[in-house]
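> Just a sequence and a predicted model for now, questions to come.
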Amino acid sequence: MQTMNDILIVDDDTALVDFVIGALHEAGYLGCAAYDGESALLAIETARPALVLLDLHLPGLSGFDVVAQLQRHALAHVPVVLMTGDTAAVAQLRTAEFPEYLLKPFDLETLLACVGRYVRPQGSCTPSRTTDASIRTH
C-alpha cells in the first residue's frame, strides 16, 4: 500500500479480489489485497488504509477475529465493512458493532456506493452520494 487513501480488500477468493481491485481502479480508487486474516492485520497495522473490505469467513482468523484484534491494537478507528455470502451470518452482523456490510454477491454500484461513503476517488473533491438499498445498514 502506498497512501492513506488505499482500500484493503481481504478475501480468500482471488477472483473476487481481482474484480474489486479492478472496479475500484476504474472508479479512481487505489485497492490492495490480502488473502487471510493474519496478512490483513499486518497490512492494516503498517499501512493504515482508509477502508478495509473484509470477508467474514477467512482461513485462520475470521473477519470477526480481525476486528477484535484491531480493537486490541488501538486500530478500531480504521473503517471496516464486512463482506459475506453467508445469509445465516447476517443476523449476527445485525447485532454486532458494524454500521454496514456487503452481502455477496454484490454488484458494482453497490460496491462503489459503499466505498464512496468512506473514501474519495483520487483527484475527487466531492464525496459520492450514491445510495443503494442492497447495502445492509442498521
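That came through fine.

> so what does the lengthiest helix in the chain touch, helix or strand wise?
In the chain, assigned by DSSP state H, the helix with the most residues is helix 14-26. With contacts defined as 3 or more C-beta pairs under 8 Å, 6 or more residues apart in numbering; DSSP states H and E, helix 14-26 has these neighbours: strand 6-10, strand 30-34, helix 108-116. For glycine as for every other residue, the C-beta is placed from the backbone atoms N, C-alpha and C.

> low pLDDT regions in this protein?
The chain contains residues with pLDDT under 70 at 1-5, 95-97, 123-138.

> hmm, 80 instead?
Applying pLDDT under 80 to the chain picks out residues 1-5, 90-99, 122-138.

> center of this structure - which residue?
The chain has L53 as the residue nearest its centroid, 1.1 Å off, counting by C-alpha atoms, centre = their mean.

> With adjacent residues omitted, what lies nearest to it?
Distance criterion C-beta to C-beta, 6 or more residues apart in numbering; nearest residue to L53, sequence neighbours excluded, is I9 at 4.9 Å.

> what residues are up against the one you found?
The neighbours of I9, taking C-beta atoms under 8 Å, 6 or more residues apart in numbering as the test, are V17, V20, I21, L24, G31, C32, A33, A34, L53.

> 6 Å instead?
V17, V20, G31, A33, L53 (C-beta atoms under 6 Å, 6 or more residues apart in numbering).
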